[in-house]
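Q: Everything below, folded, please.
(one chain, ligands or ions: 1)
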Amino acid sequence: MKIKSWPALSFRGKVITAIIVLQVAMIAIFVSIQTYHERLMVRDYIKDVNIQFSRNLAHVFSVVIRLQDFALLERCVAIATAGEDITYVIVESADSRRLAARFKRGQDLRVAAVDREADRPLSSNLIREVEKADSWLSLFSPITYEVAVPMRARGQEIGTVRVGVTTRRMDQKVWAGALRGLLMAGFALGVVGLFALFVDRRFKRIFRELIGVTGRMAAGDLSQRVNINTGDELEELGQTFNRMGDSLASSQQLLQEWARDLEAKVKERTQDLEEEKQKLDGIVSGIGAGLVLLNKDLEVLWGNRIATEWFGPLGQLQGRKCFSALWEERDFCQDCASTKAILSGNVEQCEKAIPGRNGHPRFFQITTSPIKNSQGEIIQIVELIQDITEKKQLEAQLLQAGKMVAMGELASGIAHEINNPLAVIGAHAERMSYLFSNAQSSPEKIKEKFPSYLEAIVRHTYRCKEIIEKLLNFARHKDVDLQPTDINMVLEDSIALVSHRASMENKKIIKNLDPALPLIQSDSNGLEQVFVNLLANAMDAIDGTGEIHITSRLEMGLIKVEIADTGKGIPSENMDRIFQPFFTTKPPGKGTGLGLSICARILSRLDGQITVESNPGEGTRFCIALPIEASPATKIRESHLWKNP
Ligand code: ADP
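A: Just a heads-up that it's a prediction; the model follows:
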């Protein structure tokens with residue numbers, strides 16, 4: 001419900017109106033109460049005076065009645081009734097006969113009516129109301145009292161005098177007094193109102209000035225001041241206001257200085273950021289690698305220039321799943337590094353090969369890093385995509401180069417291996433030739449010796465063939481060729497290749513091979529290269545005489561091969577570096593630093609692992625673990641996995 005507001009009055013107008021109404025009401029109430037009490041007092045006074053008057057009349061009338069002069073009585077009654085407040089006088093005998101009476105303005109009728117209603121007083125003073133209003137108006141209308149007093153002569157009651165007296169005249173005086181009071185109060189109210197108006201106009205001017213100045217200050221002009229010279233609290237208020245203006249102006253100045261300062265700093269920072277951005281843009285474009293930003297659903301959000309050169313314009317990549325946009329796959333890539341990064345929250349890596357334009361595969365290395373928000377939740381993934389095709393080719397070349405180096409190192413041993421059978425073959429051939437050309441040789445003797453000589457020649461010829469085949473296998477660059485492989489056999493072959501050098505250098509090779517090893521799907525050529533390399537390193541590490549222990553065993557689903565030597569060992573500071581390509585401690589011309597890195601690379605293709613432990617001065621132990629259940633060696637593990645764990 002809407003509450004009706006007062007007519008359009010200002011707040012000040014409403015307050016003034018309320019004050020006036022309240023004051024008028026209070027004055028009216030006070031005057032009414034005062035008037036009422038005055039009237040009561042006046043009435044009591046009238047009653048008292050009239051009783052006395054009536055007694056005097058009774059005394060006079062009793063004398064006149066004793067004289068039996070009724071004409072005089074009439075005259076006396078007339079004189080008594082002449083009083084302004086007296087409305088009638090009645091003289092009655094003891095038996096209620098009217099001896100004389102006089103009434104003003106129809107009072108006789110009222111007296112008659114009252115007489116009919118009540119017993120007439122005879123023996124005592126009686127005061128009764130003869131005329132009054134019946135309703136609440138009695139409070140304001142005049143009353144007529146009747147006082148009845150007995151007349152006595154010689155101790156006997158001879159009649160009654162009844163005198164009617166009205167309060168009209170005294171009431172009028174009281175009302176006149178009340179009116180005077182009201183007029184005076186009204187006058188006082190008027191004077192106070194005029195004074196209030198004067199004060200109000202004065203305050204209004206000051207407040208208008210204050211409001212105007214405040215408005216102009218709020219609009220930004222803080223130079224505004226008020227000018228109040230009243231010499232009182234208002235002037236003090238004005239001064240306080242002006243002080244507030246001063247302090248606002250200085251605060252504003254300070255704020256403006258801060259704002260200028262801040263603006264300069266923001267400008268400077270923006271410029272710094274712009275420079276940083278340009279630098280970053282330069283780095284991002286110049287890193288020579290593709291950078292791609294993905295959301296958590298692996299949809300492409302952004303890619304740098306290289307990425308767009310490799311995979312297509314950004315507009316075609318954005319919003320598409322990365323496997324489709326970048327790699328043209330229908331589903332998530334196997335071994336997806338982005339998925340792994342989302343699951344682990346860490347940096348992950350994987351490699352990806354796609355067919356190249358020239359028919360050769362193109363290899364990419366993908367490093368993914370999760371981007372987290374302030375709550376640590378992963379919101380995006382950044383992919384660093386590097387083209388490692390050349391690196392792969394170089395590695396392949398290094399592998400081949402390593403083989404050639406190893407082959408060179410082995411050449412003398414192999415030459416000796418071939419020398420022996422050739423010497424045997426030569427000796428037997430010479431023997432046969434001698435027997436054949438010697439006249440003393442009987443056909444029986446030739447027949448007896450030839451088969452054994454020929455058998456030796458054939459056997460040693462095959463031995464030469466076998467050695468040359470191994471040499472060719474070792475040197476040939478081949479892809480991983482998985483065949484059922486007997487690890488002990490590969491070890492034997494490898495030992496055979498270095499045994500001549502070992503015996504020449506007084507290094508004892510001690511074998512402890514588990515004959516129950518199962519055949520595994522593996523690459524015997526690659527493994528042979530690994531074992532020969534490790535054996536050669538072991539022999540290099542032993543100064544003078546020493547031992548090389550070769551062990552094979554089955555352990556927890558893995559075939560483990562250990563090659564331990566009693567050489568000089570590896571200093572702890574080199575342990576992390578020995579698998580790095582080209583790291584060597586050997587003198588120039590002796591070592592290439594490729595052996596162990598090639599070993600690690602070969603083993604990674606075969607799903608195997610190599611670890612090393614060494615005590616400088618005591619020896620070194622290399623341990624190779626190969627899975628029995630060989631998986632297709634397609635995964636290329638990173639060389640850092642093959643360092644000493
Ligand atoms: P190279 O033999 O050509 O130096 P490798 O990669 O085979 O290259 O070996 C790297 C280095 O590791 C060697 O130079 C040597 O310092 C150390 N090393 C390898 N095997 C042994 C071993 N059995 N004992 C001591 N040091 C070794």
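
Q: number of nearby residues for residue 285?
A: Per other C-beta atoms under 10 Å, the neighbour tally for residue 285 reads 12. Quick note: C-beta positions are derived from backbone N, CA and C, even for glycine.

Q: So it: helix, strand or coil?
A: Judged by DSSP: H, G, I helix; E, B strand; the rest coil, the three-state class of residue 285 is helix.

Q: residue contacts, it?
A: Listed by C-beta atoms under 8 Å, 6 or more residues apart in numbering, the contact partners of residue 285 are 304-306.

Q: any idea how far it lies from residue 279?
A: Residue 285 is 11 Å from residue 279, where distance means C-beta to C-beta, to the nearest Å.

Q: sorry, back to before: just the contacts of residue 285 now: which is nearest the ligand?
A: Distance to the ligand, by C-beta to the nearest ligand atom, is smallest for residue 306 among these, at 34.1 Å.

Q: could you pull out the helices for the stretch 401-550 of the chain?
A: Using DSSP state H, counting those that start in this stretch, the helices of the stretch 401-550 of the chain run over residues 443-475, 487-504, 524-541.

Q: pLDDT (mean, whole number) over the first one?
A: Per-residue pLDDT values over helix 443-475 give a mean of 78.

Q: Could you list every helix and strand in contact with that helix?
A: Contact here means 3 or more C-beta pairs under 8 Å, 6 or more residues apart in numbering; DSSP states H and E; on that basis helix 443-475 packs against helix 389-437, helix 524-541.

Q: Any chance of JSON lines for the helices of the stretch 401-550 of the chain, columns mean neighbour count and distance to residue 616?
A: JSON lines is the format used below for those (neighbours: other C-beta atoms under 10 Å; distance: least, C-beta to C-beta, whole Å):
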{"stretch": "helix 443-475", "mean neighbour count": "14", "distance to residue 616": "31"}
{"stretch": "helix 487-504", "mean neighbour count": "19", "distance to residue 616": "23"}
{"stretch": "helix 524-541", "mean neighbour count": "23", "distance to residue 616": "11"}
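
Q: among the ones you listed, which is nearest the ligand?
A: The ligand sits nearest to helix 524-541 of all those, at 3.2 Å, using C-beta to the nearest ligand atom.

Q: returning to what we had before: of the contacts of residue 285, grab the buried ones for PyMOL.
A: Under the burial definition 16 or more other C-beta atoms under 10 Å, those of the contacts of residue 285 that qualify are selected in PyMOL by:
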select buried, resi 304+306
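
Q: now the contacts of residue 285 in TSV, with distance to the ligand and pLDDT?
A: Putting the contacts of residue 285 into TSV (distance: C-beta to the nearest ligand atom, whole Å; pLDDT from 0 to 100) gives the following:
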residue	distance to the ligand	pLDDT
304	37	87
305	39	85
306	34	87
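
Q: what would the contacts of residue 285 look like in a markdown table with distance to residue 338 and secondary structure?
A: Converted to a markdown table, the contacts of residue 285 look like this (distance: C-beta to C-beta, whole Å; DSSP: H, G, I helix; E, B strand; the rest coil):
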| residue | distance to residue 338 | secondary structure |
| --- | --- | --- |
| 304 | 17 | coil |
| 305 | 21 | helix |
| 306 | 18 | helix |
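
Q: With residue 390 as the reference, name the closest of the helices of the stretch 401-550 of the chain.
A: Ranking the helices of the stretch 401-550 of the chain by proximity to residue 390 (C-beta to C-beta) places helix 524-541 first, at 23.0 Å.

Q: could you say what helices and strands that closest one packs with?
A: Here helix 524-541 touches helix 389-437, helix 443-475, strand 483-485, helix 487-504, strand 546-555, strand 558-565, helix 595-605, strand 619-627, going by 3+ C-beta pairs under 8 Å, 6+ apart.

Q: now the second one and helix 524-541, what's the angle there?
A: Right, helix 443-475. Calculated by axes from the mean of the first three to the mean of the last three C-alpha atoms, to 10 degrees, helix 443-475 forms an angle of 90 degrees with helix 524-541.

Q: Next one, pLDDT for the residue in the stretch 251-400 of the chain that the ligand sits nearest to please.
A: Closest to the ligand within the stretch 251-400 of the chain is residue 398: 11.2 Å, counting by C-beta to the nearest ligand atom. pLDDT recorded at residue 398 is 75.

Q: do the same with residue 592
A: Note for residue 592: predicted pLDDT of 66.

Q: can you check residue 602 too?
A: So residue 602 comes in at 87 (pLDDT).

Q: one step back: present the helices and strands packed on helix 524-541 as a markdown table; the columns should include distance to residue 10.
A: Shown next, in a markdown table, are the helices and strands packed on helix 524-541 (distance: least, C-beta to C-beta, whole Å):
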| stretch | distance to residue 10 |
| --- | --- |
| helix 389-437 | 89 |
| helix 443-475 | 113 |
| strand 483-485 | 109 |
| helix 487-504 | 109 |
| strand 546-555 | 103 |
| strand 558-565 | 100 |
| helix 595-605 | 95 |
| strand 619-627 | 98 |
